[in-house]
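Asks: Dropping the sequence and predicted coords here.
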Amino acid sequence: MLSKSDTNIADVVSLFQDLNIDCCFIVPTETGMQKSILDATSQVRDFLKDKDYHNYSNQLQGKDNKLIKECSFLTHSGINKSKVSLYRPNTKSGDPRIWFYSLNNYAKANNLLAILILNDELFLINCSDSSLMNNLSNHRVIKSLTNINDHVFDELLEKMIQIYKMGYIKSAGIGHKAIGETLESILGIKPNASKRPDYKGIELKVSRNSKNRSNLFSKTPNWKLSRLKGTKDILNERGVFSEKKNRIGLNNTLKANIPNSQNMLLRIDERNNFLRQNYISESKEIEDVLWLIDELKNSLLIKHPKSFWVKADVDIRNNWQYFKYKKIKYTQSPNPNFFIPLIESKIITVDYLMHFKDNGAARDHGYLFKILPENLDKLFPKPKHFDLSLLS
């Protein structure tokens, strides 16, 4: 049996996405297994609440208010029935707890466990059981899950086919945003800073035919709860002077648990349900800014209910760009419960793009959450691929 450290979380997430399984994860500790008590982390609490299975915030403290429900362990031969207890103790501020009866017979400490809800019943899957995972798609419980089908894209796809037939199209502007602004102009989409999808509920993400990361969304830190209160504060403390540009700025990528060249990194604060950007000094770790994880998940759901990830070729003529929009990856229904595991796996990263202007004002280009196109299937179930040259 593998431990969490031996289990590739990204591979597990990819498998669940391919099977259209919405779930969350929990890792029992040695102490938890010995005491028959596990912390219900923010991810677990949010998942159970979203599925209308249990809301810890409405639960009173104490054993008299403990809730016991049926659950099942997925096994090689089928399922083993069990029970799950959900409660908040009188001690430790009533921190939410969860326990699966007979868990010690099903898993070991540090195993990666997935929780899914089907018809108001909780199922537990030991993702560290490689043989179980290898045959998961054939499990009768998994087969009973309803697949999600793509369907709201016919109109836009037909328009994209017609745009492809136009060949190389002269850029409508300059700069890195021109490739997207040109396509939006052809489609009649007016420039806007909306957090909503671009085209009748479908988000358009356009990039050059390269292996560069794609923007999922931009989300400003929660300045109210952060130590640093704005872009200017970040630049004052962490900015780096560029002789080439003759200004102080930051242009770097942040990953979970690994400091970058500016000694900055991301940390998941499970207890408070925060994503933090911290700074590693010689003597200590300093908390700079934070995002509320719930708000990040909501941003993902709002921005990407359905998305066209468009790739284009670029041609330079007389120092001007021309674009030919060639390929599309279509996604829908992102799984917000995989968002934080993908940050932990360094698959989703954050970019800081900011600098001081000549007048001393701070400018940023958004706090960008990014992912490589090849990893979209870890966040979205079963993306569909379209080569417009084959459809025209």
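Replies: All right, it came through fine. Everything numeric in this text was worked out from a predicted model, so none of it was measured.

Asks: Show me which positions of the lowest-mean-pLDDT helix or strand in the chain end up buried.
Replies: Every helix and strand in the chain was compared by mean pLDDT, DSSP states H and E; the lowest is helix 140-143, with a mean of 76. For helix 140-143, the buried set under the neighbour-count rule, 16 or more other CB atoms under 10 Å, comprises Val141, Ile142. Quick note: C-beta positions are derived from backbone N, CA and C, even for glycine.

Asks: what's downstream of it, the next helix or strand?
Replies: helix 154-165 (DSSP states H and E).

Asks: For that following helix, list the C-alpha coordinates in CSV.
Replies: What follows is helix 154-165, C-alpha atoms only, in CSV (Å, rounded to 0.1, in the frame of the first residue of the first chain):
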residue,chain,number,x,y,z
ASP,A,154,-22.2,24.5,-31.7
GLU,A,155,-22.7,28.1,-32.6
LEU,A,156,-19.3,29.3,-31.5
LEU,A,157,-17.5,26.3,-33.1
GLU,A,158,-19.2,27.1,-36.4
LYS,A,159,-18.0,30.7,-36.2
MET,A,160,-14.5,29.6,-35.4
ILE,A,161,-14.5,27.4,-38.5
GLN,A,162,-15.5,30.4,-40.6
ILE,A,163,-12.8,32.5,-38.9
TYR,A,164,-10.2,29.8,-39.8
LYS,A,165,-11.2,30.0,-43.4
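
Asks: what is the mean pLDDT for the helix or strand just after it?
Replies: Helices and strands here follow DSSP H and E; after helix 154-165, the next one along the chain is strand 169-170. Averaging pLDDT along strand 169-170 gives 96.

Asks: now swap in stretch 358-376 and tell me
Replies: The predicted confidence, averaged over stretch 358-376, sits at 94.

Asks: what's the straight distance from one end of that stretch to the other?
Replies: Start-to-end span of stretch 358-376 (CA to CA, to the nearest Å) is 39 Å.

Asks: quick one, what contacts the closest residue to Tyr56 other than its chain neighbours?
Replies: Excluding the flanking residues, the one nearest Tyr56 by CB to CB, 6 or more residues apart in numbering is Pro96, at 4.3 Å. Going by CB atoms under 8 Å, 6 or more residues apart in numbering, Pro96 touches Asp39, Ala40, Val44, Arg45, Tyr56, Gln59, Leu86, Tyr87, Arg88.

Asks: farthest-separated two in these?
Replies: Asp39 and Gln59 (14.8 Å; CB to CB).

Asks: more neighbours, the two?
Replies: Neighbours around Asp39 and Gln59, counted as other CB atoms under 10 Å, are more numerous at Asp39. The numbers are 19 against 16.
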